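Enquirer: Dropping a prediction and its sequence here:
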Amino acid sequence: MGNDVVDGVVLCRVGAARLAVACHEIDAIAPVEGKSWDVGLAFGVDGTGEGRALQWRGQLLKVDSVDVLATPGLAVLPVPTALRSVGDGVLTGFIEVLGALWPLVSPALLLAHLERRAE
Amino acid sequence: MAEGPRGHLVFACGGSLYAVPAERASEVVNLPPLTRVPGAAPHLLGVFAHRGEVLPVIDLARLIGKPVDEVFKRVVLVRVPRGTMAFTATRVIGVSPIVGAPPRLGEAGALAFMHGPAKVPAGDCAAIEPEGLLEYLSRGR
């Protein structure tokens, strides 16, 4: 994965935490309506306000705020060996944008992780 | 054949001393702002980018279940063939020889990859087996 790139990401904030999802991996950015999964659970933080949701296969992943970064060819830094199983393997890499490091996650694995935590 | 002394970098964390083989300790750096990782256990404080690489910061005290009430300002970067880890440190003591092979501090968990008590001039320390500890952490512990 050392030379991987991603074309466009959705940058999400949850409390003081942040994460990124590849644009092509989500269906839509939607208002939070009905049942949603609070991404803050994965960080052990409470979200604030109404927030926004990433829609993936009919499921809503709630975060505090989102920004779309449409930059093509963003370099993806590989997941360190020590983190390969963290959060049920939710990490797919890291990107460095806006002067910060962002964990890049798979929405499918993030949802599976949140479901497991909720059990 | 008896093992000769091996140079270890000794550092303090959470009121205890730890040591890593000197040839595995690549740098000591000031702890920068960290990026939190979703789903991480409490001992994984976050990550930071260093020389184009993402490094996980491991709090050794939390890893072995010790209470932590210290603010860490530095990390010891430990590089093994499979990857690099950054261990929190409140103080770096220096390089000291450790003679022989002290027993494992535990049969399971992270303590299975720490040996001690190892005698160094600063006191008793736990000598970390970094390859094994990285393997243990990579299994999601």
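Expert: On my side now, so go ahead.

Enquirer: so what's residue B:96 up against?
Expert: B:7-8, B:10, B:19, B:120-122 (C-beta atoms under 8 Å, 6 or more residues apart in numbering or on different chains). To be clear about C-beta, it is placed using only N, CA and C from the backbone, and glycine gets the same treatment.

Enquirer: element containing the residue in chain B that chain A sits nearest to?
Expert: In chain B, the residue that lies nearest chain A is residue B:39 (1.9 Å; C-beta to the nearest C-beta). Assigned by DSSP states H and E, residue B:39 falls within no helix or strand.

Enquirer: partners of the stretch of helix or strand residue A:60 belongs to in the sheet?
Expert: When elements are assigned from DSSP H and E, residue A:60 belongs to strand A:59-63. Applying DSSP bridges, strand A:59-63 is found paired with strand A:37-38 (parallel), strand A:52-56 (antiparallel).

Enquirer: Let me have these in JSON lines, adding mean pLDDT and mean neighbour count as columns.
Expert: Rendered in JSON lines, the data for the strands paired with strand A:59-63 read as follows (pLDDT from 0 to 100; neighbours: other C-beta atoms under 10 Å in any protein chain shown):
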{"stretch": "strand A:37-38", "mean pLDDT": "94", "mean neighbour count": "22"}
{"stretch": "strand A:52-56", "mean pLDDT": "96", "mean neighbour count": "21"}
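
Enquirer: Output these as TSV; include the columns distance to residue B:56.
Expert: Shown next, in TSV, are the strands paired with strand A:59-63 (distance: least, C-beta to C-beta, whole Å):
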stretch	distance to residue B:56
strand A:37-38	25
strand A:52-56	25
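
Enquirer: Quick one: closest of those strands to residue B:14.
Expert: Comparing the strands paired with strand A:59-63 against residue B:14 with C-beta to C-beta, the closest turns out to be strand A:37-38 (31.7 Å).

Enquirer: what's the average pLDDT for the helix or strand just after that closest one?
Expert: Scanning forward in sequence from strand A:37-38 by DSSP H and E, the next helix or strand is helix A:40-43. Across helix A:40-43, the average pLDDT comes to 93.

Enquirer: likewise stretch B:41-50?
Expert: 96.

Enquirer: Buried residues of it, list them for me.
Expert: Neighbour counts using 16 or more other C-beta atoms under 10 Å in any protein chain shown place B:43-48 of stretch B:41-50 among the buried residues.

Enquirer: Using CSV, lay out these together with secondary structure and distance to chain A.
Expert: Below are the buried residues of stretch B:41-50 laid out as CSV (DSSP: H, G, I helix; E, B strand; the rest coil; distance: C-beta to the nearest C-beta, whole Å):
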residue, secondary structure, distance to chain A
B:43, coil, 11
B:44, strand, 7
B:45, strand, 12
B:46, strand, 9
B:47, strand, 6
B:48, strand, 7
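
Enquirer: Quick one: buried ones out of the contacts of residue B:96?
Expert: Taking 16+ other C-beta under 10 Å as the criterion, what is buried in the contacts of residue B:96 is B:8, B:10, B:19, B:120.

Enquirer: Give me the pLDDT for the second one.
Expert: We have a pLDDT of 97 for residue B:10.

Enquirer: Not counting whichever strand or helix holds residue B:131 itself, show me its contacts.
Expert: Assessed by DSSP H and E, residue B:131 sits inside helix B:130-138. Defining contact as C-beta under 8 Å, 6+ apart, one finds that helix B:130-138 is touched by A:81-85, B:20-21, B:24, B:56, B:58, B:78, B:80-83, B:85, B:109-110, B:112-114.
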